[in-house]
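Asker: Quick one, what's the 3D model for this:
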Amino acid sequence: MSSVLSSASWRSVVPDEWQAEVQSRLQPDENATAWVLVDLNTALKFHKTALILTDRRILTASLSEKNWQNWLFDEGQRLCLTDHAGVGQLELADEQGRLAVWRFTLGLQEAVFRWVALFEAQQSHRAQSPDALATDLQGRPMQSAHVSVCPVCQASLSEDNEECPVCSREDLNPPSTWTLLKLWRFARPYKRSLLAGFLLTLASTAATLVPPYLTMPLMDEVLIPYQNGANIDPGLVSLYLLGLFASGLLAWGLGWAKTYILALVSERIGSDLRTTTYEHLLKLSLEYFGGRRTGDLIARIGSETDRINVFLSLHLLDFATDVLMIVMTAGILFYINPTLALVTLLPLPFIGWLIHVVRERLRTGFEKIDRVWAEVTNVLTDTIPGIRVVKAFAQEDREAQRFKDANVHNLQVNDRLNRVWSLFSPTVTLMTEIGLLVVWGFGIWLVSDDQITVGVLTAFLAYIGRFYSRLDAMSRIVSNTQKAAAGAKRIFDILDHVSSVPEPLHPVALPPQVKGHIRVRDADFRYGNRAVIRQLNFDIQPGQMIGLVGHSGSGKSTLVNLICRFYDVSDGAIELDGTDIRQLKVADYRRQIGLVLQEPFLFFGTIADNIAYGKPDATREEIVAAARAAHAHEFILRMPQGYDSLVGERGQGLSGGERQRISIARALLINPRILILDEATSAVDTETEKEIQKALDNLVRGRTTIAIAHRLSTLRKADRLVVMDKGVVVEEGTHDVLMAAQGAYWRLYEAQQRQAEAVAVLGGSDEDKKVSA
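Answerer: Sure thing, here's the model as predicted:
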């Protein structure tokens with residue numbers, strides 16, 4: 001694990017047996033800032049090497065040999081992080097060339113990534129100013145940073161950044177309140193209803209301002225004259241009381257109408273927002289999902305849109321009412337007595353400054369709360385679908401502790417924000433009370449000086465009560481506004497993301513009869529800066545079956561993903577019947593592809609629904625025909641409700657072979673021209689494999705087929721075998737031709753044969769023999 005460390009705190013991370021050694025290597029004024037252990041040597045053997053980053057150099061040593069090396073920082077130095085076939089590589093180089101290289105398993109990739117990020121941060125500060133060598137990104141001394149750990153992924157967190165850099169990969173800029181203006185695109189269809197709601201709000205606010213105004217004549221013309229001995233005029237009193245009742249009734253009716261209309265509008269805006277976000281999410285490429293966690297995406301579409309909906313239906317309406325009330329009340333106050341009105345507004349500048357200060361803290365705080373809550377959701381989405389594995393390995397206590405840690409982290413972040421918010425609200429209330437006290441004192445002085453009447457002061461105090469209560473309420477809306485802004489930012493992080501597999505501007509229409517001729521021409525593909533496919537060229541004729549073989553990490557699955565257009569090639573092209581697949585509509589193209597995976601995914605629903613997933617309008621006869629061809633009809637009929645039997649989430653309740661045959665039936669039903677088999681029989685027993693192979697024979701017939709299999713014996717029926725290694729085609733031909741050439745395919749085949757013989761000698765089970773074969 002890498003982290004920002006002080007000269008005192010690094011002892012808690014460095015192993016005890018290393019502390020004296022590290023201390024002896026550091027110069028008196030040198031600080032160690034990060035430490036990470038890599039676990040492979042240059043020969044790819046397990047061997048631990050310590051990488052220590054200080055404020056002036058890199059120190060390394062083997063844990064067993066303690067052969068220390070060091071490189072002083074230089075402007076031209078750079079670190080390059082790459083990975084291939086499950087092995088990460090970190091290279092230190094300068095303008096003259098490579099200085100050192102370290103290798104590690106990908107389980108350490110995030111720790112190494114953070115270590116590299118700290119190196120780059122120090123290099124950046126060094127380029128800006130020599131005095132910044134010992135400061136972090138915020139300009140604070142490195143030795144003052146406190147280190148904590150993300151409860152979900154164990155990433156290092158500083159005291160001022162409880163945001164996990166691993167779990168939260170999207171834009172970390174704090175949300176702006178202006179982000180809420182982006183919601184106008186969803187509100188535009190309802191602008192007439194919004195206008196009606198605004199007019200009703202204006203009218204209802206005006207109606208609530210009538211009663212305080214009527215208190216002036218009630219006091220000056222009825223009550224005070226009565227105290228001085230005059231008689232009460234019942235007609236005049238009835239008139240004023242009727243005015244008070246009518247204004248109250250009118251305010252109630254208008255308030256109900258505006259609340260109902262705006263609630264309907266907000267619900268529809270929230271519904272449109274959820275639907276649009278989900279539709280856009282489905283159109284994004286697999287690359288986007290590879291860097292996101294399921295729980296985080298669920299939280300965004302669920303709780304974030306719900307929060308925005310509540311803000312629009314309640315808090316925004318309250319805010320608009322408060323603003324109108326304050327403006328209209330201020331106007332009436334100045335109309336009654338400008339001097340007393342100015343005294344009333346004295347607390348406003350301080351409250352405005354306080355709102356500005358707190359808003360800056362809240363705008364980042366609430367987004368952090370959202371992200372930390374997503375961490376809690378991520379633990380649930382990891383654990384619940386994998387509950388069988390959790391129970392099989394008796395890891396209930398561990399998962400419960402992981403959830404508890406995430407929950408505690410969520411509590412800590414909320415507590416930090418609540419410290420700010422708990423001080424803000426009472427402070428605003430105190431300022432309004434002081435303002436009311438000042439008005440009382442100044443008003444009494446004006447009455448004693450005969451500048452205003454008691455009725456005017458009474459009305460003033462009634463209006464001030466409304467004014468300050470609305471001001472206090474509006475200050476509290478700051479919290480809800482920032483929550484909504486944080487939620488809107490996380491929603492628009494999805495909506496503003498452009499898919500790396502875009503739809504063509506001018507799509508080419510597919511002919512009614514697709515032949516299925518696939519041509520890969522000079523194809524390159526990179527994951528980041530790692531080349532996975534390089535200058536790939538081969539051709540698949542219509543109806544031909546090819547087998548892709550090679551070691552794990554050779555690029556087989558990546559090639560299949562490119563052919564399915566889950567990703568787009570970085571260079572070159574993939575063509576279908578002579579047309580670049582990037583010129584075809586994505587949906588039209590993928591309808592021509594049937595995909596059978598090693599681990600088939602079934603949705604919660606009936607067996608018939610799962611078979612008809614790719615063709616929802618399929619008749620029952622078509623579904624049964626596909627199941628028969630997939631050799632699934634018999635076991636389906638043995639189930640309690642046959643084709644209407646419910647399948648549990650992810651196919652719970654069915655065996656692996658049964659799930660696979662339903663997957664094959666699903667592919668058969670759409671009658672694809674191109675078929676892709678990705679280890680379709682590797683996870684089942686021998687007898688089940690025979691059944692599945694019969695189903696596959698029906699599925700392959702007459703279709704362009706690409707099959708991936710580690711067991712080379714399953715590819716004997718292929719018309720041609722393509723052998724891949726490190727992203728390139730190294731051999732191509734039939735089984736007999738490649739065996740005669742004694743090249744890469746021959747070595748793979750012989751290795752599997754030797755393994756099968758060894759299992760047979762040791763008396764392995766049929767399942768062991770199948771895996772070996």
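
Asker: Would you mind writing the CA trace of stretch 229-244 as PDB?
Answerer: Taking C-alpha atoms only, stretch 229-244 is exported to PDB below (Å, rounded to 0.1, in the frame of the first residue of the first chain):
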ATOM      1  CA  GLY A 229     -62.900  55.400  25.500                       C
ATOM      2  CA  ALA A 230     -64.400  55.300  22.000                       C
ATOM      3  CA  ASN A 231     -67.000  52.700  21.000                       C
ATOM      4  CA  ILE A 232     -66.200  49.800  18.700                       C
ATOM      5  CA  ASP A 233     -67.800  49.900  15.300                       C
ATOM      6  CA  PRO A 234     -69.100  46.300  14.700                       C
ATOM      7  CA  GLY A 235     -69.500  46.800  11.000                       C
ATOM      8  CA  LEU A 236     -65.900  48.000  10.700                       C
ATOM      9  CA  VAL A 237     -64.500  45.200  12.800                       C
ATOM     10  CA  SER A 238     -66.600  42.700  10.700                       C
ATOM     11  CA  LEU A 239     -65.200  44.100   7.500                       C
ATOM     12  CA  TYR A 240     -61.600  43.800   8.700                       C
ATOM     13  CA  LEU A 241     -62.100  40.300  10.100                       C
ATOM     14  CA  LEU A 242     -63.800  39.200   6.800                       C
ATOM     15  CA  GLY A 243     -60.800  40.600   5.000                       C
ATOM     16  CA  LEU A 244     -58.500  38.500   7.200                       C
END
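
Asker: Mind listing what's buried along that stretch?
Answerer: 240, 243-244 (16 or more other Cβ atoms under 10 Å). Every C-beta, even on glycine, is put in place using the N, C-alpha and C of the backbone.

Asker: Could you provide those in CSV, with additional columns for pLDDT, distance to D272 and secondary structure?
Answerer: Compiled in CSV, these are given as follows (pLDDT from 0 to 100; distance: Cβ to Cβ, whole Å; DSSP: H, G, I helix; E, B strand; the rest coil):
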residue, pLDDT, distance to D272, secondary structure
Y240, 81, 48, helix
G243, 85, 43, helix
L244, 83, 42, helix
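
Asker: Let me know the closest of the residues you listed to G107.
Answerer: Using Cβ to Cβ, L244 comes nearest to G107 of the buried residues of stretch 229-244, at 73.8 Å.

Asker: Output the contacting helices and strands for the lengthiest helix in the chain.
Answerer: Ordering each helix of the chain by length in residues (DSSP state H) puts helix 396-448 first. Secondary-structure packing of helix 396-448 (3 or more Cβ pairs under 8 Å, 6 or more residues apart in numbering; DSSP states H and E): helix 338-344, helix 348-383, helix 454-495.

Asker: Could you list every helix and strand that the second one packs against?
Answerer: So the one you mean is helix 348-383. The contact analysis (3+ Cβ pairs under 8 Å, 6+ apart) places helix 348-383 against helix 294-299, helix 396-448, helix 454-495.

Asker: Save the ones you listed as CSV, and put in distance to L536 too.
Answerer: Formatted as CSV, the helices and strands packed on helix 348-383 follow (distance: least, Cβ to Cβ, whole Å):
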stretch, distance to L536
helix 294-299, 32
helix 396-448, 42
helix 454-495, 33
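
Asker: nearest to G572, of these?
Answerer: Closest approach to G572 among the helices and strands packed on helix 348-383 is made by helix 454-495 (30.3 Å; Cβ to Cβ).

Asker: Am I right that T49 is in a strand?
Answerer: Yes - under DSSP: H, G, I helix; E, B strand; the rest coil, T49 sits within a strand.

Asker: Contact partners for it?
Answerer: When contacts are counted by Cβ atoms under 8 Å, 6 or more residues apart in numbering, T49 touches 37-38, 41, 60-63, 102.

Asker: Can you check what angle separates the longest helix of the chain from helix 348-383?
Answerer: Interaxial angle, helix 396-448 versus helix 348-383 (axes from the mean of the first three to the mean of the last three Cα atoms, to 10 degrees): 170 degrees.

Asker: report the angle between the axes of helix 396-448 and helix 454-495?
Answerer: On the basis of the same axes, to 10 degrees, helix 396-448 is oriented at 150 degrees to helix 454-495.

Asker: Going along the chain, name the strands of the stretch 501-650 of the chain.
Answerer: Ranges of strands within the stretch 501-650 of the chain are 518-527, 530-540, 545-549, 571-576, 579-580, 593-596, 605-606, 646-647, based on DSSP state E, counting those that start in this stretch.

Asker: who are the neighbours in contact with M216?
Answerer: Contact partners of M216, counting by Cβ under 8 Å, 6+ apart, are 453, 455-456, 458-459.

Asker: in what helix or strand does it lie?
Answerer: In this structure, M216 sits in helix 210-217 according to DSSP states H and E.
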